[in-house]
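[1] coords below, sequence missing:
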């Protein structure tokens, strides 16, 4: 048997650790764009959604599609009320593709609806059954509590193999009602409300996003400005990850899982005891995905002095327990940054923004591997997988860029 030279062996090991070979960056929109998300359909078509600032300073939600083998088509504006879309990193325009190819895009509206004097901060959703060429009228996710100031945001979407669509979000109506009551001493409803109550809600749709079940409250002490994360496994069950406020203003992460398709959820499980004490919201949400083996993958940022940085931990028992976290990026001072996940087959992939330099680097690695690579310069990366393709999108000087890799599914 011929033995492999040591130098060649090192090169082969390095190549295995760096992962897939991405194509060159493609610019989807050249400027005035923010908060992108990306999705890949079962045939390998790539979708990118983002929030666009218009010449009149209003903001709208757009999506663009690149079919396999083709470039990005003309963007489609999604919101029916011009200028209603919230521009905030924790409330991006989110695109998701179901197993049947249905394309879903959601955003947060912060404009008053017609004939209303009050703001309507709500999650709104559209769907497409023709590959993103046309979209339905928006559906608003509402919580009818008889309140004058709806405030539903910090949401996430997850599609399941059985056609279900799950949405997680924070219901801040107690907080917004408290602000309104303090602003008007003569308010008709002067009943005291708990301004520190923040409800994490989850709802399920079984008809393609047309209607949703009555939402379940999983937590009422959620961190007020951190995006929630939800993912569905191959068995169709959803898993939720969010930042919880523990006693003493400790802001670590809880996870909860459903084993009956979203009808009920397990008691929350603390992913790790980071012990980050903070008197305020860090505005940095987590991410979660589930691979083909039903391994649940979680990733997050903590500012805890002894652990400051980005971390990753898997759960091999369906979200009941998480392994000890693995450091993705730690330093004496790691600026706050989100980390995002995608899964394909039995593997998971991770991207994040390394903000220790200016401009930041978009880092990429396979979960469980040590050596990350840079995909480019920019900020706010996002990642998705579908079919046999992997796509990463990010912002570079207000332009949205995408890189796509062809993949082979299966254990590695």
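    All right, it came through fine. These numbers were taken from a predicted model, which means no experiment stands behind them.

[2] which residues in this structure form helices?
    Assigned by DSSP state H, the helices in the chain fall at 6-18, 173-183.

[3] mean pLDDT lowest for which of those?
    Across the helices of the chain, helix 6-18 has the smallest mean pLDDT, namely a mean of 39.

[4] mind listing what residue 141 touches?
    With contacts defined as Cβ atoms under 8 Å, 6 or more residues apart in numbering, the neighbours of residue 141 are 122, 123, 124, 125, 152, 155, 167, 169, 203, 212. Every residue, glycine included, has its C-beta placed from N, CA and C.

[5] residue contacts, residue 129?
    101, 102, 103, 208.

[6] If you rank those residues by neighbours, which is first?
    Counting neighbours by other Cβ atoms under 10 Å, residue 103 leads the contacts of residue 129 with 25 neighbours.

[7] give me the number of residues near the residue nearest to residue 126 when sequence neighbours are not counted?
    Nearest residue to residue 126, sequence neighbours excluded (Cβ to Cβ, 6 or more residues apart in numbering): residue 135, at 4.2 Å. Neighbourhood size, residue 135 [other Cβ under 10 Å]: 20.

[8] Can you turn the buried part of the contacts of residue 141 into a ChimeraX selection?
    The ChimeraX selection below is limited to those of the contacts of residue 141 classed as buried (16 or more other Cβ atoms under 10 Å):
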select :122,123,124,125,152,155,167,169,203,212
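
[9] Residue 394 touches residue 380, doesn't it?
    Yes. Under the criterion of Cβ atoms under 8 Å, residue 394 makes contact with residue 380 at 5.9 Å.

[10] show me the contacts for the closest residue to residue 143 other than its chain neighbours.
    Nearest non-adjacent residue to residue 143, counting by Cβ to Cβ, 6+ apart: residue 171, 5.7 Å away. Neighbouring residues of residue 171 by Cβ under 8 Å, 6+ apart: 143, 151, 152, 198, 199, 200, 201, 215, 217.

[11] shared neighbours, residue 394 and residue 380?
    Joint contacts of residue 394 and residue 380 (Cβ under 8 Å, 6+ apart) are 36, 353.

[12] Please identify which of the two sits among more neighbours.
    Using other Cβ under 10 Å as the criterion, residue 394 and residue 380 rank with residue 394 on top: 26 against 22.

[13] From residue 33, how far out is that one?
    11 Å (Cβ to Cβ, to the nearest Å).

[14] Now do the shared contacts for those two.
    With Cβ under 8 Å, 6+ apart, residue 394 and residue 33 have common neighbours residue 400.

[15] Which residue, other than its chain neighbours, is closest to residue 375?
    That would be residue 362: by Cβ to Cβ, 6+ apart, it lies 4.5 Å from residue 375.

[16] Is that neighbour bridged to anything, and to what?
    The residues listed as beta-bridge partners of residue 362 by DSSP bridges are residue 353, residue 376.
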